[in-house]
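Student: Here's my sequence, what's the structure:
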Amino acid sequence: MKILLVDDNQYVLEGLLDGIDFAGLGFTQVYTAKSAAKAKELIGSGNIQIVITDIEMPHGSGLELLEWINQTHPGTVTLFCTSFADFNYAKEAVRLHCFDYYVKPIQYSEFTKYVVKAIEEVKRLANEKQIQQYGKYWMDNQWNNKADFWYKYLYRLHQVTDDEIKEEIVSRKLDYSLDEEIGIGIFKIGRSLEIQRLSENNKDFIFRNISEEIFARASYVLEGLLLTANSTMTVIVSRRDEKAPRLEKLCRELLDCLHKYVAPESNCYYREHIKVKEARFAVLQMEEISLDDISKEKKVIDYDRYIEEKKEYRATSRNEWESLFRSRQTEQLIGTVNHYIEDQMRSRNITGKFLREIRSSLVQISGTVLQENKIEAYKLFDDTHYDLVYAEAVKSAANMQRFAEYIITKSIDYIRQIEKSQTFVSKIIRYMEDNYQRNITRDELENIAYVSISYLAKVFKQETGKSLHSYLMGIRIEKAIVMLKEGRSTVSEIALAVGYDNFSYFSRLFKEKTGYSPKEYRNIGMNRHQKE
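Tutor: Below you'll find the model as predicted:
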């Protein structure tokens, strides 16, 4: 088995190679690519079963790569591993049928489980291919014929036309018309220990038996039951009797059974009276609201009622937040944001979209105010803790409150430190004293102070009366003087030790500062020592 790792960050690729035992998982070849173009070249030249890719990359995104894979190598299992937990990315990944979606930072033990599941999917697809071109649902009876049709229609084909659906129905000798009405329920199955212990065949057998029993006694026909990626079970049903109970009642009964026996964290989203020709679009709509739902409640959601009753939440008071941010009122700002979130919780308006908009507002306000104070926000928050709280923020109201407190407190605290300019100037001086012997870059100094090099140079000159270069040179000359007095090293060795690999340049600088060449200074010191 072969796998391809795609990321424009070399350290991420090296981390995956070191952190995951690919050989132990059965891979005979592990390829790497730093761009979508290189990935396409490798996929085209070799039989690669699994692709793990970042989303944001130069010269072609991971989403574009997945779309290309779907068109040219549809049997490839693709897994996103990205720093972006943005809803639009996740929604697009669902649309393109990405096998799974992992948000960095990478925990290698956890990520290995995702790779193992991808391997299982490869084996499942290989087994399906032996039976027929499109999957697990073999054609030896009417149930599997129907199941294969729904699987192919809802989750395999792209931009399918009415004529193509009709042709598929006719070729399979199914008793469907394009305008026939069906009901669809999408169950997001919790990843309980019971579920993890079940094989794919066992899950299919158990879920089908439970579902058939519930729907059959209520005058419904179970037309198809599909177990797909991201722990999703899709049921397609039709009514035999107009007096049959509403689909909501039966979905709730099925959900109760799942909670009781195998999956205590499941949710259900359903639609009734959907025409066969509209089924694929209906599934995509339900997948969209399932991604937007961050609650952990056991519930059955009617898509149509959800859309009708969804309340427009009050827009964030961005101007008020920005004003409090600028006036450095940390506690009041945190309290205002928390009150706003709690107010929306009482109105039951907390969704993934709502939390993403709050996070976006806080990041933008913070970035604006920090920039006004000459602070580079991307440097101030360039750490794994920020990446973690940023990703977790959109998963719950409590997480968002923690994120708000973190970004507000860290931003305002650092602005206050910068207002006492000697704070970061002293950091720079200490850094120079500790690293004078090597070349210190502009990026290093920016990363210490979190401000641009031009602003840093200006404040440094105001505080010390010297430029950054002149101050560093002074430290080096002072260190050289100490070593010359000790007399244990040659002048060339001292030049290298204080950061100068050009002996002539060092000698010239030394003479400009002291009035003597290094050799003259050493001789003067030795003469004084002999007289004493």
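Student: what's the span of stretch 9-25, first residue to last?
Tutor: 24 Å (CA to CA, to the nearest Å).
Student: Counting neighbours, which bits of that stretch end up buried?
Tutor: Within stretch 9-25, the residues that qualify as buried by neighbour count (16 or more other CB atoms under 10 Å) are 12-13, 16, 20, 22, 25. C-beta here means a position set from N, CA and C on the backbone, and glycine is covered the same way.
Student: Show the contacting residues for Glu212.
Tutor: Neighbour list for Glu212: Leu222 [criterion: CB atoms under 8 Å, 6 or more residues apart in numbering].
Student: helix or strand for it, which one?
Tutor: Counting by DSSP states H and E, the element that carries Glu212 is helix 200-216.
Student: following that helix, which helix or strand shows up next?
Tutor: Elements were assigned by DSSP H and E; along the chain past helix 200-216, the next helix or strand is strand 220-228.
Student: and that next one, what does it pack onto?
Tutor: Secondary-structure packing of strand 220-228 (3 or more CB pairs under 8 Å, 6 or more residues apart in numbering; DSSP states H and E): helix 142-155, helix 200-216, strand 232-239.
Student: rewinding a little: send the alpha carbons of the helix holding Glu212 over as CSV?
Tutor: Taking C-alpha atoms only, helix 200-216 is exported to CSV below (Å, rounded to 0.1, in the frame of the first residue of the first chain):
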residue,chain,number,x,y,z
GLU,A,200,-18.2,-2.5,9.0
ASN,A,201,-20.2,-5.6,8.2
ASN,A,202,-21.5,-5.8,11.8
LYS,A,203,-22.5,-2.2,11.9
ASP,A,204,-24.3,-2.6,8.6
PHE,A,205,-26.1,-5.7,9.9
ILE,A,206,-27.1,-4.2,13.2
PHE,A,207,-28.2,-0.8,11.9
ARG,A,208,-30.2,-2.3,9.1
ASN,A,209,-32.1,-4.7,11.4
ILE,A,210,-33.0,-2.0,13.9
SER,A,211,-34.1,0.4,11.1
GLU,A,212,-36.1,-2.2,9.2
GLU,A,213,-38.0,-3.2,12.3
ILE,A,214,-38.9,0.4,13.3
PHE,A,215,-40.0,1.5,9.8
ALA,A,216,-41.7,-1.7,8.7
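Student: Next, the buried residues of it.
Tutor: Result for helix 200-216 [16+ other CB under 10 Å]: buried residues 203-204, 206-208, 210-212, 214-215.
Student: Relative to Gly367, which of these is nearest.
Tutor: Nearest to Gly367 among those is Lys203, at 45.9 Å by CB to CB.
Student: isn't that closest one right up against Leu227?
Tutor: Yes. If you go by CB atoms under 8 Å, Lys203 and Leu227 touch, sitting 5.9 Å apart.
Student: which residues of the stretch 1-150 of the chain fall in strands?
Tutor: 2-6, 29-33, 50-53, 77-82, 100-103 (DSSP state E, counting those that start in this stretch).
Student: Select, out of those, the one closest to Gln437.
Tutor: Closest of the strands of the stretch 1-150 of the chain to Gln437 is strand 29-33, at 35.8 Å (criterion: CB to CB).
Student: Residues contacting the closest one, please?
Tutor: Strand 29-33 has contacts (CB under 8 Å, 6+ apart) with 2-6, 13, 17, 22, 39, 41-42, 46, 48.
Student: ok, 6 Å please
Tutor: By CB atoms under 6 Å, 6 or more residues apart in numbering, the list of residues contacting strand 29-33 from outside reads 2-6, 13, 22, 39, 42.
Student: strand partners of it, parallel vs antiparallel please.
Tutor: strand 2-6 (parallel) (DSSP bridges).
Student: relative orientation of the strand it pairs with and strand 77-82 in degrees?
Tutor: Angle, strand 2-6 to strand 77-82, by axes from the mean of the first three to the mean of the last three CA atoms, to 10 degrees: 30 degrees.
Student: From the chain's centroid, how far away is strand 2-6?
Tutor: Strand 2-6 sits 19 Å away from the centroid of its parent chain (CA atoms, centre = their mean, to the nearest Å).
Student: Alpha carbons of it, as CSV, please.
Tutor: Only the C-alpha atoms of strand 2-6 are listed here, as CSV (Å, rounded to 0.1, in the frame of the first residue of the first chain):
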residue,chain,number,x,y,z
LYS,A,2,1.2,3.5,-0.9
ILE,A,3,0.5,6.9,0.8
LEU,A,4,1.2,10.5,-0.2
LEU,A,5,1.7,13.3,2.3
VAL,A,6,1.1,16.8,0.9
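Student: now it: mean pLDDT?
Tutor: The pLDDT scores in strand 2-6 average 91.
Student: what do you get for stretch 74-94?
Tutor: Here the average pLDDT along stretch 74-94 is 74.
Student: got it, and stretch 384-403?
Tutor: 89.
Student: what distance separates the start and the end of that stretch?
Tutor: 13 Å.
Student: Equivalent analysis for stretch 41-60, please.
Tutor: Stretch 41-60: ends 13 Å apart by CA to CA.
Student: Which secondary structure state is assigned to Arg271?
Tutor: Recorded secondary structure, Arg271: strand (DSSP: H, G, I helix; E, B strand; the rest coil).
Student: That should have said Ile184, apologies.
Tutor: Applying three-state DSSP: Ile184 is strand.
Student: re the thing from before, any idea how far the helix holding Glu212 is from the chain center?
Tutor: 34 Å.
Student: re earlier: in helices, which of the buried residues of stretch 9-25 fall?
Tutor: Judged by DSSP state H, helices contain the following of those: 12-13, 16.
Student: Without its sequence neighbours, what residue ends up closest to Pro518?
Tutor: Val491 (4.5 Å; CB to CB, 6 or more residues apart in numbering).
Student: Can you give me the distance of the one you found to Met400?
Tutor: 62 Å (CB to CB, to the nearest Å).
Student: Looking at these two, which is more packed in?
Tutor: Met400 (25 against 18; other CB atoms under 10 Å).
Student: And the one helix or strand the more buried one maps to, what does it pack against?
Tutor: Using DSSP H and E, Met400 maps to helix 397-419. With contacts defined as 3 or more CB pairs under 6 Å, 6 or more residues apart in numbering; DSSP states H and E, helix 397-419 has these neighbours: helix 330-346, helix 352-372, helix 384-392.
Student: Show me which residues of the last one are buried.
Tutor: By neighbour count on 16+ other CB under 10 Å, the buried set for helix 384-392 is 386-387, 389-392.
Student: can you name the two of these that are farthest apart?
Tutor: Tyr386 and Glu392 (11.0 Å).
Student: burial of the closest residue to Gly44 other than its chain neighbours, as a residue count?
Tutor: The shortest distance from Gly44 to any non-neighbouring residue, by CB to CB, 6+ apart, is to Thr72 (7.6 Å). The tally of other residues near Thr72 (other CB under 10 Å) stands at 11.
Student: Equivalent analysis for Tyr151, please.
Tutor: Tyr151 has 22 neighbours, counted by other CB under 10 Å.
Student: confidence score at it?
Tutor: Note for Tyr151: predicted pLDDT of 86.
Student: Use 809 as the first number for this chain going forward.
Tutor: Happy to do that; since the first residue is 809 now, the last one works out to Tyr959.
Student: doesn't Leu1033 make contact with it?
Tutor: No. Applying CB atoms under 6 Å as the test, Tyr959 and Leu1033 come out as separate, 9.8 Å apart.
Student: In the stretch 859-1008 of the chain, where is pLDDT below threshold?
Tutor: 892-899, 901-904, 936-949, 965-967, 998-1006, 1008 (pLDDT under 70).
Student: try it again with 80
Tutor: 866-867, 890-905, 907, 909, 934-952, 963-968, 997-1008 (pLDDT under 80).
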